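Student: Return atomic coordinates for the entry below.
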Amino acid sequence: MEIADKLIKWFQNDSYRERITRVVLLWVNNHFNDFESDMDMTEFLQSFESALEANVSKKCVVDAQQAWSIHKIALT
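Tutor: Model prediction:
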């Protein structure tokens, strides 16, 4: 599905990530019937969820590394 593919692609760009997330959440919340019985749309949501989880995991690792660096500097 063309729009779903574009949304996933745009989500990979840090500057678009928050906007794309809002668009998808609004779409799901306001038009759930678009996703309910369409297997392609269900697959899109699963892909988007995986991308969100990967982004959160990546951000947590970066935040932890930054916190550790600050802690090491404070100890010296």
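Student: Next, count neighbours for Ala54.
Tutor: Counted with other Cβ atoms under 10 Å, the neighbours of Ala54 add up to 11. From N, CA and C alone the C-beta is placed, and that goes for glycine too.
Student: Which residue lies nearest the spatial centre of this protein?
Tutor: In the chain, the centroid-proximal residue (Cα atoms, centre = their mean) is Leu52; its distance is 2.7 Å.
Student: Figure out the helix or strand that the residue nearest to that residue when sequence neighbours are not counted lives in.
Tutor: Nearest non-adjacent residue to Leu52, counting by Cβ to Cβ, 6 or more residues apart in numbering: Thr21, 7.1 Å away. According to DSSP states H and E, Thr21 maps onto helix 17-30.
Student: And the contacts of that helix?
Tutor: 7, 10-11, 34-35, 45, 48, 52, 55 (Cβ atoms under 8 Å, 6 or more residues apart in numbering).
Student: Weed out the non-buried ones from those residues.
Tutor: By neighbour count, with 16 or more other Cβ atoms under 10 Å, the contacts of helix 17-30 hold 7, 11, 48 as buried.
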